[in-house]
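Asker: 3D, please:
(one chain, ligands or ions: 1)
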Amino acid sequence: MKQPNVPPEAKKRSLELQKTIRYHDKKYYDQSEPEISDFEYDRLYRELKDLETKYPSLKTTDSPTQRVGGTTSKHFKTLPHRVPMLSLDNTYSLEELQEFDQRVQKGLGNEKYEYVCEMKIDGVSIELIYEDGELTHALTRGDGEKGDDVLENVKMIKGLPHQLKGSNFPERVEIRGEVYFTRADFEKINREKEEQGEQLFANPRNTASGTLKTIDPKEAAKKPLHILLYYVFSPKPLPFDTQEESLQWLKKQGFPEDPHHRICKTIEEVHSYCEEYQAKRDSIGFDCDGVVLKINDFKQRIKLGETTKIPRWAIAFKFAAQRAETTLKAITLQVGRTGAITPVAELEPVSLEGTTVSRATLHNEDEIKRKDLRVGDRVIVEKGGLVIPKVLQSVPEKRKGNEKVFKMPTTCPVCESKLEREEGEVAWRCENAACDAQVEGRIEHFCGRDALDIRGAGPAVVKQLLTEKLIHDYADLYYLKEKDVADLERKAEKSAQNLIGQIDESRKRTLGRLLFGLGIRHVGVHVAEILATRYKDLWAVTEAAEEELTAIDGIGPIVARSIVAFFDTAANVKILKKLEKGGVNLKRLKEEEPSGEQPFAGQTFVFTGELKGYSRKEAEDIAKKLGAKAAGSVSKLTSYVVAGEAAGSKLKKAKELGVPVISEDDFNNMIKKYR
Ligand code: IVH
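Answerer: I've put the predicted structure just below:
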């Protein structure tokens with residue numbers, strides 16, 4: 001079939017969408033810090049899918065529409081899902097449910113069929129594996145193909161059977177469901193965190209995800225996770241043939257019961273169920289973002305089958321995010337730890353999704369201009385699963401004439417230095433690294449959960465330590481004495497001891513956490529972990545040149561430049577030395593060492609010319625897997641140049657510098673015994 005020509009705008013837009021969706025996948029799945037609501041995400045996703053349907057050549061294999069987001073964590077054993085964990089097709093419109101029903105009807109010919117409607121719980125999906133009746137694994141979704149085994153944490157969930165009853169089941173039973181927190185428990189957890197002055201969790205889903213990935217199961221046990229199971233299957237026959245019967249079986253086995261599911265015989269009954277639950281979603285007690293409807297009969301499910309990503313026998317109807325109208329009283333500026341300025345909407349308090357909203361992020365100056373938001377405007381705010389709500393738009397019809405157009409200040413609201421905006425960047429920045437707000441933000445970040453994890457040093461305590469001039473940077477924490485802290489207002493002696501004890505504990509954290517905690521721009525948890533696996537200690541990272549860093553898989557030029565700039569700054573090096581003197585671990589710990597054999601650790605390879613057996617990237621990947629670095633150009637530091645056919649200037653350079661040159665066959669001989 002002839003494929004339609006792709007107009008350049010469509011190509012450009014699809015690349016843009018791919019990039020944006022990948023970014024948000026990472027935020028949602030890997031960092032548990034979503035920035036946009038599900039509704040906005042789904043809109044982007046749908047736009048990309050529509051473009052790809054219209055112009056199939058845009059559907060590249062790495063498009064986010066072709067895979068499930070999320071990756072695995074290295075703290076847990078990763079195991080494959082026997083059956084991939086698919087996602088669900090979803091829609092926000094009842095008309096599209098009708099279309100889904102028509103497709104089902106067509107797929108099943110004249111057969112009668114019925115749906116089971118269930119709540120779509122906004123939690124974290126999990127797969128339980130029972131072998132000979134015993135719960136042996138609990139896998140997260142991971143990338144859909146393989147997930148992390150978080151069994152020990154899952155076993156801490158109250159009311160979850162560790163053993164199946166009776167013997168009427170096959171030797172392997174797989175059960176999928178959702179792990180979540182109730183809203184009440186989530187609020188209690190956050191209240192306690194607030195009292196401790198710790199950073200709050202973003203929402204129940206992220207809290208559940210974080211709890212499942214807690215390294216110490218005893219810690220996980222302290223939080224009241226819930227679980228609900230909705231999908232039982234097995235490589236062998238099971239003692240039931242429908243969804244309804246499987247839910248009954250789960251109940252008899254002692255699993256928590258779902259009181260909300262209902263059999264619907266027609267799509268009209270499904271509509272009523274969706275409308276009913278949309279109306280009462282706030283009184284259910286946990287976050288649910290829609291309804292899942294699935295064909296009841298398992299044989300009919302097989303008949304309908306699935307695509308590589310979604311089953312054809314189920315679909316999710318998603319509730320639109322809740323919105324409310326209120327007044328934009330003022331726009332204030334927040335200075336982040338990197339100096340980025342975020343405008344914040346100060347709102348007339350309004351109730352939304354069970355909480356009171358009085359502030360919302362406005363992201364940046366351009367957003368305010370684009371939405372033409374004026375101080376005094378009536379505005380629409382949306383929450384959509386995020387703790388920090390968003391201002392969607394203003395209601396210009398309601399303007400009285402005294403609303404004020406926002407003018408971005410030219411100086412930092414905290415230190416009054418001039419704000420700068422680099423070309424191509426959306427954020428204005430305060431470039432004064434000594435700005436109080438930045439200093440405070442950096443210390444808070446350093447003490448944060450994914451960094452040095454000093455629980456007692458939450459935002460309130462950090463602020464107090466700074467005001468009392470007990471610390472000036474994060475390294476000063478390691479020189480605090482119990483009596484310094486005990487003097488602090490609102491700190492009883494016991495908590496002072498706690499804080500000092502926690503600071504002491506944090507001296508032993510991993511190199512990865514430390515690298516993340518330093519607050520280098522563009523270095524997130526993932527990049528920090530990559531660096532920690534590569535380098536034996538912090539000083540080795542400080543010595544890495546930009547080119548060497550860029551050669552590492554997962555580190556791009558912007559990140560590399562930022563790392564080098566950080567370590568080139570004398571003030572930063574001074575703080576690192578202070579950390580070292582304060583007894584903080586700067587070395588890679590055993591658990592961070594690269595897995596598998598690393599016979600080429602410390603060596604750098606440069607591949608040049610045309611290779612017979614591999615593409616350049618493939619050869620580089622093999623060398624990297626065995627511990628080597630792969631560089632793009634030859635220098636004195638190069639260990640080997642692997643020269644293929646028609647190698648040119650790099651070969652010449654190697655000869656000039658006396659770097660060993662080997663052939664592709666030599667390279668094959670070198671790697672033979674490790675592959
Ligand atoms: S059924 C192959 N039922 O929603 C179909 N999923 O967007 C398996 N979810 O991956 C999914 N509540 O994590 C199903 N009652 C429910 C659900 C549910 C929440 C989640 C689940 C799934 C995602 C799809």
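Asker: Setting aside sequence-adjacent positions, which residue approaches residue 464 most closely?
Answerer: Leaving aside its sequence neighbours, residue 464 sits nearest to residue 488 (C-beta to C-beta, 6 or more residues apart in numbering; 5.5 Å). Quick note: C-beta positions are derived from backbone N, CA and C, even for glycine.
Asker: how many other residues sit next to the one you found?
Answerer: By other C-beta atoms under 10 Å, 17 other residues sit near residue 488.
Asker: Would you mind naming what in the protein lies close to the ligand?
Answerer: Residues of the chain that fall close to the ligand, judged by C-beta under 6 Å from any ligand atom: 86-88, 118, 120-121, 125, 178, 230-231, 292, 311, 314, 316.
Asker: Show me which of these is closest to residue 160.
Answerer: Residue 160 has its nearest neighbour among the residues of the chain next to the ligand in residue 178, at 12.6 Å by C-beta to C-beta.
Asker: from the residues of the chain next to the ligand, which single one is nearest residue 513?
Answerer: Using C-beta to C-beta, these come closest to residue 513 at residue 125, 27.2 Å.
Asker: where do the strands sit along the stretch 101-250 of the chain?
Answerer: Along the stretch 101-250 of the chain, counting by DSSP state E, counting those that start in this stretch, strands occupy 115-121, 124-131, 134-140, 146-148, 172-180, 226-233.
Asker: Least reliable of those by average pLDDT, please.
Answerer: With a mean of 92, strand 146-148 has the lowest mean pLDDT of the strands of the stretch 101-250 of the chain.
Asker: next one: that strand to chain centre, how far?
Answerer: Centroid separation for strand 146-148 versus its chain: 15 Å, with C-alpha atoms, centre = their mean, to the nearest Å.
Asker: Please apply the same query to stretch 111-131.
Answerer: Averaging C-alpha positions (C-alpha atoms, centre = their mean) puts stretch 111-131 23 Å from its chain's average.
Asker: how long is that stretch end to end?
Answerer: 36 Å (C-alpha to C-alpha, to the nearest Å).
Asker: hmm, back to that, and the residue nearest to residue 464, what does it touch?
Answerer: Residues in contact with residue 488 (C-beta atoms under 8 Å, 6 or more residues apart in numbering) are 461, 464-465, 468, 470, 496.
Asker: Quickly note the distance from the closest residue to residue 168 other than its chain neighbours to residue 165.
Answerer: Spatially, and ignoring its direct neighbours in sequence, residue 168 is nearest to residue 239 (5.0 Å; C-beta to C-beta, 6+ apart). In this view, residue 239 and residue 165 are 12 Å apart by C-beta to C-beta, to the nearest Å.
Asker: likewise residue 263?
Answerer: Applying C-beta to C-beta, the value for residue 263 to residue 165 is 25 Å.
Asker: repeat for residue 465
Answerer: Counting by C-beta to C-beta - residue 465 and residue 165 are separated by 55 Å.
Asker: out of the two, which sits in the busier spot?
Answerer: Remark: of residue 465 and residue 165, residue 465 carries more neighbours, 22 against 11, as counted by other C-beta under 10 Å.
Asker: before we move on, which element is the more buried one in?
Answerer: Assigned by DSSP states H and E, residue 465 falls within helix 459-467.
Asker: Could you pull up the mean pLDDT of the helix or strand that that helix is followed by?
Answerer: For helix 459-467, the following helix or strand on the C-terminal side (DSSP H and E) is helix 482-486. Here helix 482-486 scores 85 as its mean pLDDT.
Asker: What residues of helix 482-486 count as buried?
Answerer: Residues 485-486 are the ones in helix 482-486 that count as buried (16 or more other C-beta atoms under 10 Å).
Asker: what helices or strands is it leaning on?
Answerer: The contact analysis (3 or more C-beta pairs under 8 Å, 6 or more residues apart in numbering; DSSP states H and E) places helix 482-486 against helix 493-505.
Asker: Now the next helix or strand after the helix it packs on - C-alpha only, CSV.
Answerer: Per DSSP H and E, the first helix or strand lying C-terminal to helix 493-505 is helix 511-517. Extracted in CSV, the C-alpha atoms of helix 511-517 (Å, rounded to 0.1, in the frame of the first residue of the first chain):
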residue,chain,number,x,y,z
LEU,A,511,28.2,7.7,46.2
GLY,A,512,25.1,7.9,44.0
ARG,A,513,23.0,9.5,46.7
LEU,A,514,25.8,11.9,47.4
LEU,A,515,26.3,12.9,43.8
PHE,A,516,22.5,13.5,43.5
GLY,A,517,22.5,15.4,46.8
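Asker: With only the CA atoms kept, save the helix or strand following helix 511-517 in CSV.
Answerer: Using DSSP H and E, the next helix or strand after helix 511-517 towards the C-terminus is helix 525-534. The C-alpha coordinates for helix 525-534 follow below in CSV (Å, rounded to 0.1, in the frame of the first residue of the first chain):
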residue,chain,number,x,y,z
VAL,A,525,18.9,10.3,40.5
HIS,A,526,19.5,8.2,37.4
VAL,A,527,22.5,10.2,36.1
ALA,A,528,24.0,10.1,39.7
GLU,A,529,23.7,6.3,39.7
ILE,A,530,25.3,6.0,36.3
LEU,A,531,28.2,8.2,37.6
ALA,A,532,28.6,6.1,40.8
THR,A,533,28.8,2.9,38.8
ARG,A,534,31.4,4.3,36.6
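Asker: Quick one: mean pLDDT for the next helix or strand after helix 525-534?
Answerer: As assigned by DSSP H and E, the chain's next helix or strand after helix 525-534 is helix 538-543. Helix 538-543 shows a mean pLDDT of 96.
Asker: And helix 538-543, what does it pack against?
Answerer: Checked by 3+ C-beta pairs under 8 Å, 6+ apart, helix 538-543 has helix 511-517, helix 557-568, helix 570-581 packed alongside it.
Asker: what's the neighbour count on residue 7?
Answerer: Using other C-beta under 10 Å, residue 7 is surrounded by 10 other residues.
Asker: Tell me how many other residues crowd residue 236.
Answerer: The local packing count at residue 236 equals 10, with neighbours defined by other C-beta under 10 Å.
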